[in-house]
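> From the sequence below, what's the structure:
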Amino acid sequence: MIPIDTMFYFRLFATYVRVGILGELEYRANFWINMIQSALDLSVALGGLAVVFSHTDTLGGWRPEELLALIGVYFLIGGLIRTIIRPSMTQFMDQVRQGTLDFTLTKPADSQVLVSIQRIEIWRLVDVLIALPVLATALVRLGTRLGLAETAVFAVTLLCGGLIVYSFWLMLSTCAFWFVKVENIQVIFMSMWQAGRWPVTIYPAWLRSVLTFLVPVAFATTVPASAVSGRITTSTLLGTIALAAALLLVSRWFWRVGIRFYSGASA
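Here you go, the predicted structure:
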């Protein structure tokens, strides 16, 4: 049985989704704009693959089919970032600057959950819809039939990748309690996120370390793609789960510390 608190937050999330849909329906042209933008991004990504593999058979040990799976994962996680994480965190930072976070903190629900799901840009789900056929095509070309175990591993790595990105982004956004221009840091993160459309193994050692340990792009894209293409090792899987759990705990602690330093309109 699902705990009552969990059901409450499911209903709360569903409410924010409905509000997001109603808000986005006022600007229906955004759907076509996002569709065109996503199609262009996908075309550029696939075009890059075509250019690379017109000169070589593998890239850093990755075959074309495996890199296609990586692009699918990249668009899937990226779509979730643009749909929920980035808009919610952007609104949260605005609330801190304007002193209006009081309205969130006084509500009878966990404040971290509220700021994490408070704004949903539903049209950004186009990236997720684009990612699914890309992943399916990659699986067909790989000749891979995911069994129960393989599907579970892929789902776990995908979930962990999403949690890692969320936790990292939450910690960046929480810095708004002390600094004014945190958005600049997030712009840098999104710039580095672009590197996630390629496996981190092709980069120099120093950049590979940055994308793995400093900005955990590798765990969000390369690791799930490795799982779906059968390249993942047990140690990598366990390390991904451990990192996701650790970052969730650290981000929760950092959030609680930040809240104590907040002085809003009621202070």
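> from here on, contacts and neighbour counts on C-alpha atoms
Noted.
> Output the contacting helices and strands for the host helix or strand of Leu40.
According to DSSP states H and E, Leu40 maps onto helix 29-53. Where contact means 3 or more CA pairs under 8 Å, 6 or more residues apart in numbering; DSSP states H and E, helix 29-53 is packed against helix 64-80, helix 126-142.
> just those: most buried one?
For those, average neighbour numbers computed from mean count of other CA atoms under 10 Å are highest in helix 64-80, which has a mean of 25.
> What is the very next helix or strand once past it packed up against?
Proceeding C-terminally, helix 64-80 gives way to helix 86-98 as the next helix or strand, assigned by DSSP H and E. When contacts are defined as 3+ CA pairs under 8 Å, 6+ apart, helix 86-98 sits against helix 111-117, helix 148-174.
> Report all helices and strands that the next helix or strand after the longest one contacts.
Later in the chain than helix 148-174, the nearest helix or strand by DSSP H and E is helix 183-193. The helices and strands touching helix 183-193, judged by 3+ CA pairs under 8 Å, 6+ apart, are helix 148-174.
> Now do the helix it packs on and helix 64-80, the angle between them.
Compare the direction of helix 148-174 with that of helix 64-80 by axes from the mean of the first three to the mean of the last three CA atoms, to 10 degrees and you get 40 degrees.
> Now do the phi/psi pair for Gly230.
With angles defined as degrees, to the nearest 10, Gly230 sits at phi 80, psi 20.
> one step back: tell me which of the helices and strands packed on helix 86-98 sits nearest to Ile36.
Closest approach to Ile36 among those is made by helix 148-174 (24.8 Å; CA to CA).
> relative to helix 86-98, how tilted is the closest one?
Using the same axes, to 10 degrees: helix 148-174 against helix 86-98 is 20 degrees.
> quick one on the thing from earlier: what is the rounded mean pLDDT of the helix holding Leu40?
Taken as a whole, helix 29-53 has an average pLDDT of 82.
> any idea how far it is from the chain center?
18 Å (CA atoms, centre = their mean, to the nearest Å).
> Please apply the same query to stretch 6-15.
The answer for stretch 6-15 is 20 Å, by CA atoms, centre = their mean.
> C-alpha coordinates for it, CSV please?
Extracted in CSV, the C-alpha atoms of stretch 6-15 (Å, rounded to 0.1, in the frame of the first residue of the first chain):
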residue,chain,number,x,y,z
THR,A,6,3.1,9.7,-0.9
MET,A,7,-0.4,9.8,-2.3
PHE,A,8,-0.7,13.4,-1.2
TYR,A,9,2.4,14.4,-3.1
PHE,A,10,1.3,12.4,-6.2
ARG,A,11,-2.0,14.4,-6.1
LEU,A,12,0.0,17.6,-5.6
PHE,A,13,2.2,16.9,-8.6
ALA,A,14,-0.9,16.1,-10.7
THR,A,15,-2.3,19.4,-9.7
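> Quick check: buried residues in it?
Counting neighbours by 16 or more other CA atoms under 10 Å, one finds that the buried residues in stretch 6-15 are 12-13.
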